[in-house]
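Visitor: only geometry, no sequence info:
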């Protein structure tokens, strides 16, 4: 179950700016259409909640895998919000998660930040709620996310 959740969460990743924890200069502007693409090694560290740890996974980012894209099991729950010169992205999505059980869903809210001009590193915070096939609550967790282009 953990790999499937992480793959769904990757669909919500975006780009952001200012300075990192080491004080390094981050991008002053971003182009999410061209910079947030490719194969990324994605890891998640649970900050709080009851869903448990998530396995690191290789995921694809790009227009076809974005919520509403042709290869996405997710539906946007509103328009994505780009701020900080298009470098910070907030998304809310609802994703089918039949790997858990038929009809199960995951609702996510993710705020992500592009850490390099090229988009090779994206970090963020994601909160997710898993519901079973009868819309019953299963778990909610908040994760610190990190995606590095491979």
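Guide: All right, it came through fine. Everything numeric in this text was worked out from a predicted model, so none of it was measured. Residues are numbered from 1 along each chain as shown.
Visitor: so what's the nearest residue to residue 42 once chain neighbours are set aside up against?
Guide: Closest residue to residue 42 in three dimensions, ignoring its sequence neighbours and counting by C-beta to C-beta, 6 or more residues apart in numbering: residue 147, at 4.5 Å. Where you see a C-beta, it was placed from the backbone N, CA and C, and this is true even at glycine. Under the criterion of C-beta atoms under 8 Å, 6 or more residues apart in numbering, the neighbours of residue 147 are 10, 13, 40, 41, 42, 43, 59, 61, 121, 122, 123.
Visitor: part of a helix, is residue 147?
Guide: No - assessed by DSSP: H, G, I helix; E, B strand; the rest coil, residue 147 does not belong to a helix; its assignment is strand.
Visitor: dig out what it forms beta bridges with.
Guide: Using DSSP bridges, the bridge partners assigned to residue 147 are residue 42, residue 122.
Visitor: quick revisit: between the contacts of residue 147, which is nearest residue 85?
Guide: Using C-beta to C-beta, residue 122 comes nearest to residue 85 of these, at 15.4 Å.
Visitor: now the closest one: how far from residue 50?
Guide: Separation of residue 122 from residue 50 (C-beta to C-beta, to the nearest Å): 26 Å.
Visitor: give me the more crowded residue out of the two.
Guide: Relative neighbour count places residue 122 above the other of residue 122 and residue 50, with 27 against 11, counting by other C-beta atoms under 10 Å.
Visitor: surely that one meets residue 89?
Guide: No - Residue 122 is not in contact with residue 89 according to C-beta atoms under 8 Å; the separation is 9.0 Å.
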